[in-house]
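**Q** got a predicted structure here, sequence first:
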Amino acid sequence: MTIRFMERKDWTNWQSPPGGTGNEFDNAEIGALAHLYRGEVYRSTIWRTRLDNTTNWSVVTLGIALSVTYASRTASPLPLLLVGILISMFLILEARRYRYFNVWRARCRWIETNFYAPMLFRSTRPEPGEWQDILGKDYMTPEYHIGFWRAMGRRLRRNYMWIFSFQALAYVGKVVIDPEPVATLSEFLTRMAVGPIPGIFIFCFGVVFHGGWIALSVWTYLLDKRKHARKAGVGGMG
């Protein structure tokens, strides 16, 4: 037991020499890596399905809010405000799930680009290199390849920016046209009032709410570009 623990500890602290360990795969190891790749594809597919679930929940809840709000000309636009909070919670859940999904996705892409692609280009066995050590370290000491905010920014840019945009347009449209088209800006702000909360406060909250999502998407986009300028190492896998 002590020997096995020390071996694992040594591998955990393994420092790759320049160019990698240089171990070339034999036929049996190539077959094992193929099965490993299939397993990683399966896990990424499962987590991709879980990502789609939260997106579907967001679309369905927004659809329910739209149905309630536009059911009649006198219906309150409040459901469209409240659904924004619910969609934000779904986005947080999806960002957490994306961090898990990204682990399996990154491993699949790493094997594809460093093992299968060279094999297809040259019709020979891929050359050994540092990519083997990077993948091995990722299995020995697994970790997220992407931070929470970057994950949230990615999901926001891919899906949720359209959901939030549709929610904002639907809310403004309801305030503008029902029960009668607004004539002045002051009337528009008056209609936005919710109970004792004045309309100007709701308007400012909406600007901050959606402006914050825009700022987050831009900031994480720039952060992604800076992070992926470095291709080597585990950080390049994400």
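**A** Nice, thanks for sending it over. Numbers count the residues shown, from 1 in each chain.
**Q** and after the helix or strand bottoming out on mean pLDDT in the chain, which helix or strand comes next?
**A** Counting by mean pLDDT, DSSP states H and E, the chain has its least confident helix or strand at helix 2-12, which shows a mean of 49. Helices and strands here follow DSSP states H and E; after helix 2-12, the next one along the chain is helix 27-69.
**Q** okay, now the unreliable bits of the chain?
**A** 1-23, 124-125, 228-238 (pLDDT under 70).
**Q** now with 90, please.
**A** For the chain, the stretches with pLDDT under 90 are 1-52, 70-78, 104, 106-107, 109-146, 174-197, 199, 224-238.
**Q** how far away is the residue of it most remote from its centre from Ser72?
**A** Most distant from the centre of the chain: Ala183, at 41.8 Å, with distances by Cα atoms, centre = their mean. Ala183 sits 21 Å away from Ser72, taking Cβ to Cβ, to the nearest Å as the criterion. For glycine as for every other residue, the C-beta is placed from the backbone atoms N, C-alpha and C.
**Q** any buried residues in stretch 137-144, and which?
**A** The neighbour-count check on stretch 137-144 (16 or more other Cβ atoms under 10 Å) flags Lys137, Asp138 as buried.
**Q** swap in stretch 57-73?
**A** Trp57, Ser58, Thr61, Leu62, Ala65, Leu66, Val68, Thr69, Tyr70.
**Q** wait, doesn't the first one sit right on Leu91?
**A** It refers to Trp57. No - judged on Cβ atoms under 8 Å, Trp57 makes no contact with Leu91 at a distance of 10.6 Å.
**Q** re the thing from before, surely the residue farthest from the centre of the chain forms part of a strand?
**A** No - according to DSSP: H, G, I helix; E, B strand; the rest coil, Ala183 belongs to no strand; its state is coil.
**Q** any idea how far it lies from Lys225?
**A** Ala183 is 46 Å from Lys225, by Cβ to Cβ.
**Q** where's Pro128, which helix or strand?
**A** Going by DSSP H and E, Pro128 is not in any helix or strand.
**Q** that one against Glu24, yeah?
**A** Yes - the pair Pro128 / Glu24 is scored as a contact, 4.9 Å apart, by Cβ under 8 Å.
**Q** off-centre distance for the one helix or strand Ser88 maps to?
**A** Applying DSSP H and E as the criterion places Ser88 in helix 78-111. When C-alpha coordinates are averaged (Cα atoms, centre = their mean, to the nearest Å), helix 78-111 and its chain have centres 5 Å apart.
**Q** so which bits of that helix are buried?
**A** For helix 78-111, by 16+ other Cβ under 10 Å, it's 78-81, 83-84, 87-88, 90-91, 93-95, 97-108, 110-111.
**Q** what sits closest to Pro118 if chain neighbours are left out?
**A** Pro126 (4.2 Å; Cβ to Cβ, 6 or more residues apart in numbering).
**Q** so the one you found belongs to a strand, correct?
**A** No - Pro126 is assigned coil when assessed by three-state DSSP, not a strand.
**Q** ok, it - how many residues close by?
**A** Other residues lying near Pro126 total 21 when counted by other Cβ atoms under 10 Å.
**Q** same question, the one 4 residues further on
**A** As a burial measure, Glu130 scores 17 neighbours (other Cβ under 10 Å).
**Q** what does the one 4 residues further on give?
**A** The burial count assigned to Ile134 is 19, neighbours taken as other Cβ under 10 Å.
**Q** number the chain from 25, please
**A** Yep, numbering from 25; the last one is Ile158 now.
**Q** my guess is it contacts Trp134. True?
**A** Yes - with contact defined as Cβ under 8 Å, Ile158 counts as touching Trp134 (7.4 Å).
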